[in-house]
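Engineer: Sequence and predicted structure, then a few things I'm wondering about:
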Amino acid sequence: MTIHYRTHTTKNLIWISDIHLDMVHDDVKRRFLDKLANARCDAVLITGDISSSEYLVAHLTEISHACGSTPCFFVPGNHDYFGSSFAMVDQAIADLCARHRNLIALGHGEIIELSRNTALIGCRGWYDGQAGAGSGTKVGSADRHLIKDFRNLDRARYFETLRMLGHESAAYLRRILPMALTRYSTVLVGTHIPICTQVLRHGGTFCELDRQPYFSNRSAGNAIVGISRNFSGRHIVVYAGHSHCFAEFSLSSNLKIRVAGAQRGFPTFQPMITID
């Protein structure tokens, strides 16, 4: 994998997550896009669940137009694959980003310099089925039926696939994050799935053990925690979505995770991120 260093000087970074534009009335979507078009920011970060596969390209195109010359860094979420497969959606995203240069899908070796001190990296990630009750959970996931890669898998193969997806994102972070921390004192990590159970909420309360396998990427969390210990003088802030319940937690003095709040049908902005 080739590492791509690029620079986009940023003071104010808008964070958006779980906007589910396929579930939004047209007038609400217009107001959201108008707000985005008029936002005073230097860049945008979207941490997944933008739409569903049928409408994803159209909705990302609308976001691209609203952003104008402002770069929009993003990762897809699980809902963005609904009705299709990983390969087909990933290819559609790659083709779209080639046509709209202000759309930058993270997870392909990018290290984005936002300031002399701060960089942005990211990857899609996936829940790895390891947290909470693990493969013994009594709760199912709609993803198993709505994403083609999962449909024909029995339970054992499904959880093995989840484990492999988690390990894939962990391997990516082990490759990219140390390189970013070598150059920058603070690294922001954009991903869709939270990396630890301490921030998990479901319906406003703590996420029960049976749901945790589908809400946490423990593999990525272990990778980031390990890396943070080797860079004790640096700071890592992870931005995630998925649970729709705002939460933040400091895993250590130099590692913090923030999870976006969201309400389907009412896309909104998260608190502005100020870059030093």
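Structural biologist: That came through, no problem.
Engineer: What values do phi and psi take at residue 205?
Structural biologist: Here is the backbone geometry of residue 205 (degrees, to the nearest 10): phi -120, psi 170.
Engineer: Any figure for the gap between it and residue 116?
Structural biologist: Taking CB to CB, to the nearest Å as the measure, residue 205 falls 42 Å from residue 116. Yep, even glycine has a C-beta here, placed from its N, CA and C like the rest.
Engineer: list the buried ones in stretch 60-80?
Structural biologist: For stretch 60-80, the neighbour count (16 or more other CB atoms under 10 Å) marks 60, 62-64, 66-67, 70-80 as buried.
Engineer: Could you pull out the buried residues of the top helix by length along the chain?
Structural biologist: If you go by DSSP state H, the chain has its longest helix at helix 155-183. Neighbour-count burial for helix 155-183, with 16+ other CB under 10 Å as criterion, is recorded at 158-159, 161-163, 165-170, 172-173, 176-177, 179-181.
Engineer: try stretch 31-47
Structural biologist: Neighbour-count burial for stretch 31-47, counted by 16+ other CB under 10 Å, picks out 32-33, 36, 41, 43-47.
Engineer: Among these, which are located in helices?
Structural biologist: Applying DSSP H to the buried residues of stretch 31-47, the entries found in helices are 32-33, 36.
Engineer: so how far is residue 173 from residue 179?
Structural biologist: Remark: distance between residue 179 and residue 173 (CB to CB) = 11 Å.
Engineer: One more: residue 6?
Structural biologist: Relative to residue 173, and taking CB to CB, residue 6 is found at 19 Å.
Engineer: picking that back up, residue 205 and residue 116: which is more packed in?
Structural biologist: Per other CB atoms under 10 Å, whichever of residue 205 and residue 116 has more neighbours is residue 116, with 12 against 8.
Engineer: so which strand or helix has that one?
Structural biologist: Assessed by DSSP states H and E, residue 116 sits outside every helix and strand.
Engineer: quick one: the strands in the chain?
Structural biologist: 4-7, 12-16, 43-47, 72-75, 103-105, 110-113, 118-122, 186-190, 201-202, 205-206, 235-240, 247-252, 255-259, 273-274 (DSSP state E).
Engineer: Output the ones you listed as a markdown table; include the columns distance to residue 138 and mean pLDDT.
Structural biologist: Shown next, in a markdown table, are the strands of the chain (distance: least, CB to CB, whole Å; pLDDT from 0 to 100):
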| stretch | distance to residue 138 | mean pLDDT |
| --- | --- | --- |
| strand 4-7 | 43 | 95 |
| strand 12-16 | 33 | 98 |
| strand 43-47 | 29 | 98 |
| strand 72-75 | 30 | 98 |
| strand 103-105 | 35 | 98 |
| strand 110-113 | 39 | 98 |
| strand 118-122 | 33 | 98 |
| strand 186-190 | 32 | 98 |
| strand 201-202 | 15 | 78 |
| strand 205-206 | 17 | 80 |
| strand 235-240 | 25 | 98 |
| strand 247-252 | 24 | 96 |
| strand 255-259 | 24 | 98 |
| strand 273-274 | 38 | 97 |
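Engineer: a markdown table for these, including distance to residue 222?
Structural biologist: Converted to a markdown table, those look like this (distance: least, CB to CB, whole Å):
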| stretch | distance to residue 222 |
| --- | --- |
| strand 4-7 | 26 |
| strand 12-16 | 24 |
| strand 43-47 | 20 |
| strand 72-75 | 19 |
| strand 103-105 | 25 |
| strand 110-113 | 22 |
| strand 118-122 | 17 |
| strand 186-190 | 14 |
| strand 201-202 | 21 |
| strand 205-206 | 21 |
| strand 235-240 | 13 |
| strand 247-252 | 11 |
| strand 255-259 | 12 |
| strand 273-274 | 25 |
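Engineer: Mind listing the strands the helix or strand of the chain with the lowest mean pLDDT pairs with, and their directions?
Structural biologist: When the helices and strands of the chain are scored by mean pLDDT, DSSP states H and E, strand 201-202 comes last with a mean of 78. Partner strands and pairing direction for strand 201-202 (DSSP bridges) are strand 205-206 (antiparallel).
Engineer: which residues of the protein score low on pLDDT?
Structural biologist: The model of the chain has no residue with pLDDT under 70.
Engineer: residue contacts, residue 218?
Structural biologist: The contact partners of residue 218, taken as CB atoms under 8 Å, 6 or more residues apart in numbering, are 128, 130-131, 166, 195-197.
Engineer: Give me the distance between it and residue 146.
Structural biologist: Residue 218 sits 23 Å away from residue 146, going by CB to CB.
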